[in-house]
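# based on what follows, work out the 3D shape:
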Amino acid sequence: MKKTLNIILVFFTIITGALNVAAQGWAQPKGQAFLKLDFTSIEARDFYGPDGEIYKINGPGTKLRTYTTALYGEYGITNKLTVITYAPFLVRNIVNEGVGSITGEVLQPGLENTAPGDIDLGFRYGILKKGSFVFSGSLMLGIPGGDFKNPDLLFTGDGEWNQLARVEWGYGAARWYTNGALGINNRTKGFSDEGRFNAEFGYWLLKNRFLAAAKLVTVQSFFNGNPDGTSNGLFANNVEYVSPQLGLIWEQKQKWGISVLIGGAFEGRNALAAPAISVGIYWKPKLVRTAR
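Sure thing, here's the model as predicted:
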């Protein structure tokens, strides 16, 4: 099992965040916050190998399950400057017990690891706002807070500091919006750098109450790292994928809401070939009252 995990898959965090309710491109107003508690689940029997083909994880019958509980937050320091954090405080990775189909004999013991994950911390700065169009830049620092020394290779972090720099844009109307981002993720400790792109469109089926959204996320490796030094189980090097995502949000009084999001990859390398499902609840408090 260790040999297989050592070759494959990144922990597939393709649907962290909160659709456009915490909208990339738009800075939070001064004193306004967006807080979300999120639970993401992935259960996979297959993975995309380094050649882009789909393979079984350690042979037929083996299933990898990973569950992440995380906090996501944004806060407006000024009307242009927003601080952002993503903190997966509980990550649980499980590999099922391998049992012979005929004899029922245990061929491989089950594996499990529960620990915090890597933390992202950064900011977004609003560069331009003209009518309904916004343009901004963001910088996120990846902090290695997860377990990257698990003997069974069921890591919850990659053990490296990374910096993701992006330009973001958005355009919104009364019932719909669209936004996107283009960035470069600089990785350390022999991991290859990455190009990242995403685009999103959302429409309020019931104004300010029920939102449907579609999103496309892509990650492309620059293949400039050291693959011999970064074979660390669930966080492989040279990860690539193209992930379509669909989401629904039910919001109450523009203050709090519930979100459901599903995403998968129709092509990839070194990534799980399984859908991820995210369920979250969010709150949009105004933490600082401005003087009238």
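# show me what the helix or strand containing residue 260 is packed up against.
Taking DSSP states H and E as the criterion, residue 260 maps to strand 256-263. Applying 3 or more C-beta pairs under 8 Å, 6 or more residues apart in numbering; DSSP states H and E, we find strand 256-263 packed against strand 240-252, strand 276-283. For the C-beta atoms, the positions are set from N, CA and C on the backbone; glycine is no exception.
# how distant is the helix or strand where residue 168 lies from the center of its chain?
According to DSSP H and E, residue 168 maps onto strand 162-172. In this view, strand 162-172 has its centroid 15 Å away from the chain centroid, taken as C-alpha atoms, centre = their mean, to the nearest Å.
# the helix or strand just after that strand packs against which elements?
Once the chain leaves strand 162-172, the next helix or strand it forms, by DSSP H and E, is strand 176-186. Contacts defined by 3+ C-beta pairs under 8 Å, 6+ apart place strand 176-186 against strand 162-172, strand 194-206.
# run the last query once more with 10 Å
Strand 176-186 sits against strand 133-143, strand 162-172, strand 194-206, strand 210-221, with contacts defined as 3 or more C-beta pairs under 10 Å, 6 or more residues apart in numbering; DSSP states H and E.
# ok, the residue lying closest to residue 236 once chain neighbours are set aside to residue 163 distance?
Leaving aside its chain neighbours, residue 236 sits nearest to residue 270 (4.2 Å; criterion: C-beta to C-beta, 6 or more residues apart in numbering). Counting by C-beta to C-beta, to the nearest Å, the gap from residue 270 to residue 163 is 21 Å.
# who's more crowded, these two?
Under the criterion of other C-beta atoms under 10 Å, the comparison of residue 270 against residue 163 puts residue 270 first, with 23 against 15.
# the more buried one contacts residue 241, doesn't it?
Yes - with contact defined as C-beta atoms under 10 Å, residue 270 and residue 241 form a contacting pair (8.8 Å).
# just to revisit the earlier point, need phi/psi at the residue nearest to residue 236.
When read as degrees, to the nearest 10, the backbone of residue 270 gives phi 50, psi 40.
# remind me, longest strand of this structure?
Assignment by DSSP state E gives strand 81-95 as the longest strand of the chain.
# now the strands for the stretch 1-150 of the chain?
Using DSSP state E, counting those that start in this stretch, the strands of the stretch 1-150 of the chain run over 33-44, 46-48, 54-56, 64-76, 81-95, 98-99, 106-108, 111-115, 119-130, 133-143.
# got these as CSV, with distance to residue 195 columns?
Below are those laid out as CSV (distance: least, C-beta to C-beta, whole Å):
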stretch, distance to residue 195
strand 33-44, 23
strand 46-48, 18
strand 54-56, 23
strand 64-76, 23
strand 81-95, 20
strand 98-99, 38
strand 106-108, 37
strand 111-115, 29
strand 119-130, 18
strand 133-143, 15
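# which among these is found nearest to residue 259?
Smallest distance to residue 259 across the strands of the stretch 1-150 of the chain (C-beta to C-beta): 7.7 Å, for strand 33-44.
# output the contacting helices and strands for that closest one.
Packing partners of strand 33-44 (3+ C-beta pairs under 10 Å, 6+ apart): strand 64-76, strand 81-95, strand 256-263, strand 271-272, strand 276-283.
# for the residue lying closest to residue 211 once chain neighbours are set aside, give the beta-bridge partners.
Of all residues not flanking residue 211 in the chain, residue 249 sits nearest, at 4.2 Å (C-beta to C-beta, 6+ apart). Residues in a beta bridge with residue 249, per DSSP bridges, are residue 211, residue 259.
# what of residue 183?
Taking DSSP bridges as the rule, residue 183 bridges to residue 166, residue 196.
# next one: it from residue 79, what distance?
Counting by C-beta to C-beta, the gap from residue 183 to residue 79 is 23 Å.
# neighbour count: those two, which is higher?
For residue 183 versus residue 79, neighbours defined as other C-beta under 10 Å are more numerous around residue 183 (19 against 14).
# what pLDDT does that one get?
The confidence metric pLDDT takes the value 96 at residue 183.
# residue 259 contacts residue 282, doesn't it?
Yes - Residue 259 is in contact with residue 282 according to C-beta under 10 Å; the separation is 6.7 Å.
# surely residue 258 touches residue 282?
Yes - applying C-beta under 10 Å, one finds residue 258 in contact with residue 282, separated by 7.9 Å.
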